[in-house]
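>>> My questions are about this predicted structure, shown below with the sequence.
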Amino acid sequence: MDSDGIIPDKLDEYCQRFQAKVLYAIPTLQNPSVIISSESRRQELVEVIKKHQLLVIEDEAQSSLMANRPTPLVNLIPEQVIHISSCSKSFLKP
Ligand SMILES: Cc1ncc(COP(=O)(O)O)c(C=O)c1O
């Protein structure tokens with residue numbers, strides 16, 4: 001990761017090296033770094049996800065705390081993303 005979250009080139013490299021099939025990702029308010037991946041970074045990740053036909057588990061547990069959250073990966077590539085969230089975080093919503 002860098003300051004924009006998962007590095008697409010590294011993901012691509014690791015997918016090739018380890019024949020990865022599943023990616024667990026927290027693109028919004030990553031825990032514990034609280035990094036929020038930009039829209040452009042998400043688009044770059046989608047290209048790698050498509051290239052390797054990854055199944056993505058997108059954990060958006062923290063995103064309910066944000067008023068204007070970025071586009072979740074599940075909206076960008078719904079056929080390859082399982083979107084999970086949290087019940088307890090939504091109780092903290094201001
Ligand atoms: C990224 C992430 N996913 C899941 C959870 C679990 O959330 P909950 O206990 O509300 O189910 C947490 C809790 O902090 C979290 O940080």
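Arrived safely.

>>> center of the protein, which residue is that?
Among the residues of the chain, the one closest to the centroid is Pro27, at 3.5 Å (C-alpha atoms, centre = their mean).

>>> tell me the contacts of it?
Applying C-beta atoms under 8 Å, 6 or more residues apart in numbering, we find Pro27 in contact with 5-6, 36-37, 41-42, 45, 58, 60, 70, 72-73. (C-beta placed from N, C-alpha, C; glycine too.)

>>> which of these lies closest to Phe91?
Using C-beta to C-beta, Glu60 comes nearest to Phe91 of those, at 15.5 Å.

>>> Quick check: the gap between the closest one and the ligand.
Distance of Glu60 to the ligand, computed by C-beta to the nearest ligand atom, to the nearest Å: 8 Å.

>>> Now for the closest residue to that residue other than its chain neighbours, how many residues are close by?
Leaving aside its sequence neighbours, Glu60 sits nearest to Ser85 (C-beta to C-beta, 6 or more residues apart in numbering; 5.0 Å). The tally of other residues near Ser85 (other C-beta atoms under 10 Å) stands at 14.

>>> Next: Gln53.
9.

>>> pLDDT at it, what is it?
pLDDT recorded at Gln53 is 98.

>>> residues in contact with it?
With C-beta under 8 Å, 6+ apart, Gln53 has these contacts: 21, 80.

>>> Can you tell me how far the nearest residue to Ile36 once chain neighbours are set aside is from the ligand?
Excluding the flanking residues, the one nearest Ile36 by C-beta to C-beta, 6+ apart is Thr28, at 5.5 Å. Using C-beta to the nearest ligand atom, Thr28 is found at 9 Å from the ligand.

>>> Doesn't Thr28 belong to a helix?
No - assigned with DSSP: H, G, I helix; E, B strand; the rest coil, Thr28 falls outside any helix and is coil.

>>> does it really touch Glu39, like I thought?
No - checked against C-beta atoms under 8 Å, the pair Thr28 and Glu39 is beyond contact range at 11.4 Å.
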